[in-house]
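*Asks:* below are the sequence and a predicted model for it; my questions follow.
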Amino acid sequence: MSVQAVDVPVLRTGTMQPDAAGATGAAGRGHALRALLSRLNTPAVRTHFGTVAGAVVLGALMWRLGTGAFLEGLRRIDTPAVLTALGIGLVTTVFSAWRWQLVARGLRIRLPLGPAVADYYRSLFLNAALPGGVLGDVHRAVRHGQSAGDIGRGVRAVVLERTAGQIALVVAGVVVLLTLPSPVRDEARHLVPLLALAALGAFAVVLALRMNRAPSRRGRALRRVLGEAREGLLSRRNGPGVALSSLVVLTGHVAMFVVAARLAGSAAPVPVLLPLAVLALLAMGLPLNIGGFGPREGATAWAFGAAGLGASTGLATAMVYGVLCFVASLPGALVLVARRRGRTDAGSRTGGTAPEPGPVLRAAPGGDRSAYAPPLSGSLPSGDVSSEKYGAKESVRLSSSSFPFSADPREGRPMTPDSV
C-alpha cells in the first residue's frame, strides 16, 4: 500500500487579518458621524430647532391645503369674538395664577394673587410673542425665584404648576378619547392598557432599585423634589384647589377651541369637537412651534380630515385658535409697558442712581426682630436684599387665601419684580 502525499494548506494568523481599507473606511465614517452630531449638539441648534421645525410644519400645511380657509376664518374674527377671547383668557389666567399661588405655598414661597395674575399675563404674552412657546414661563420662574431669594425653588414652583396643567390635560384626554367617538378611539383603547402596564413595570423597577440602593446625594435630591411635588400638588391643603383650577383652565381652553371652530365655519356639535380639541392641545405641548403654531395645526388638520370635517377647516380652526389665544394674552403687553414705565419713573425720581442701602432688619436666633444691624460695606446683591427683607419668618408665612378672589391685600409688598 502506497501512501500519497497530500498537500494540506497551512493556516497562518497573518492571513486572517481584516481588510485594512475597510477598517479605515468604517473608522472614518464613525468619526464623521460623531463630528456631525457634535456640531448639531450646540446651544444655537437646540435653541432654534423647535422654531425651524414649527416653520416647516406650517409651510407644508399651507402648501398642501392652501390659505383660503385660514384667511376666511381670520376675516370672521369680529369684536364679539375678541371680547369672548379676552373673557375666557381672564378666567383661565386668574385660575392659572391661583394654581401657581397654591404650588408656591406648598414650597414655602409667598406669592400674593394680584402680582401672580400680572406675572402670569406677562408670561402668556411672551410665550405667544416669542419663538419656542416657553420663554415666558422661564422668565416668570427666574424672576419669581430672584424675588423670593431662592431661584431654584422659584423655578421648581413654575415647573410643578405647569406639570399640574399637563397632568390634568392627559387624564381628561384619556377619558375623552376612550369614551367619545374620535379618529383615534380604537387605537387609544388598545394603547392605554399597554402604557398602563409599562408604567406599572417601570414603577416596580424603580421601587426595587430604591429599596436595594444605599442612600446617595442624588437619591436625597430626588426625594426632596418628590416631597416638594407631593406637598405642592397632592397635599390635603393644596390638592383640591390645584385640581379645581386645572379643570377650569382646561375647560376654558376647550371653550376657546369651540369658538375658533365656529369662526372657521365648522358646525359640528361640541361632543364631536371635544376629542379633536384634546388632540390639538396635546400636540400644542410639543416644543416644536413658533409661539404655539406648528404641530397643533398639523394634528388638528389631520383630526378634522379623519373625522370627515375637512382638513382645511381643521387648519383654519387651529390658526384662528392661535390668534384668539394671542388676543387673550394681550393684557400681558400692558403689564410689560406699565412696569417698564414705573421702572423709568422711579429711576428719574432718584436721579438715575441707586439709593444707598439703609439699615437691614435681621432676625436674631430666637426670632427677635427688635434690633437693627448696620448695613454691610458696599452695595448688597439683589438676592441678599430680598432674602434679608423677607427673612426666614416672612418667607415661611404663607398666603392666607384659599380661593382666587380672597387674597389679602395686606400681606405686604409683592414678591415679584417691577420690570422685565
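*Replies:* Alright, I've got the coordinates. Numbering: from 1, shown residues only.
*Asks:* from here on, contacts and neighbour counts on C-alpha atoms
*Replies:* Fine.
*Asks:* show me the shaky parts of the stretch 201-350 of the chain.
*Replies:* 203, 205-219, 287-292, 350 (pLDDT under 70).
*Asks:* strands of the protein, start to end?
*Replies:* Here the chain has its strands, by DSSP state E, at 360-361, 372-373.
*Asks:* just to check, Ala157 is in contact with Leu107?
*Replies:* Yes - applying Cα atoms under 8 Å as the test, Ala157 and Leu107 come out as touching, 7.0 Å apart.
*Asks:* neighbour-wise, which of the two wins?
*Replies:* The residue with more neighbours, out of Ala157 and Leu107, is Ala157; 28 against 22, by other Cα atoms under 10 Å.
*Asks:* ok, Glu231 to Gly239 distance?
*Replies:* 9 Å (Cα to Cα, to the nearest Å).
*Asks:* again with Leu315
*Replies:* Applying Cα to Cα to Leu315 and Gly239 gives a distance of 37 Å.
*Asks:* just want to know which of these two has more residues nearby.
*Replies:* Shown here are Leu315 and Gly239; by other Cα under 10 Å, Leu315 has more neighbours (32 against 17).
*Asks:* buried residues in stretch 90-102?
*Replies:* Along stretch 90-102, these residues count as buried under the neighbour rule (16 or more other Cα atoms under 10 Å): 90, 92-102.
*Asks:* same deal with stretch 299-319?
*Replies:* For stretch 299-319, burial by neighbour count (16+ other Cα under 10 Å) applies to 299-305, 307, 309, 311-319.
*Asks:* tell me which of the residues you listed fall in helices.
*Replies:* Among the buried residues of stretch 299-319, the members falling in helices (DSSP state H) are 299-305, 311-319.
*Asks:* for those residues, which one is nearest Pro275?
*Replies:* Top of the list for closeness to Pro275, among these and by Cα to Cα, is Ala303 at 9.1 Å.
*Asks:* quick check: the closest one touching Leu276?
*Replies:* Yes - applying Cα under 8 Å, one finds Ala303 in contact with Leu276, separated by 6.2 Å.
*Asks:* name the residues contacting each of those two.
*Replies:* Between them, Ala303 and Leu276 share no contacting residue under Cα atoms under 8 Å, 6 or more residues apart in numbering.
*Asks:* circling back to that earlier point, so can I have TSV of the buried residues of stretch 90-102 showing pLDDT?
*Replies:* TSV is the format used below for these (pLDDT from 0 to 100):
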residue	pLDDT
Leu90	97
Thr92	96
Thr93	97
Val94	97
Phe95	97
Ser96	96
Ala97	96
Trp98	96
Arg99	96
Trp100	95
Gln101	94
Leu102	94
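*Asks:* closest one to Ala148 out of those residues, please.
*Replies:* Each of the buried residues of stretch 90-102 was checked against Ala148 using Cα to Cα; the closest is Gln101, at 13.0 Å.
*Asks:* so that closest one versus Ile167, what's the distance?
*Replies:* Relative to Ile167, Gln101 is positioned 18 Å away (Cα to Cα).
*Asks:* so where's the stretch 51-200 of the chain uncertain?
*Replies:* Filtered on pLDDT under 70, the stretch 51-200 of the chain yields the residue ranges 51-55, 57-58, 61, 65-66, 69-70, 132, 189-190.
*Asks:* next, count neighbours for Gly342.
*Replies:* Close neighbours of Gly342, defined as other Cα under 10 Å, add up to 14.
*Asks:* kindly report the same for Leu197.
*Replies:* Counted with other Cα under 10 Å, Leu197 comes out at 11.
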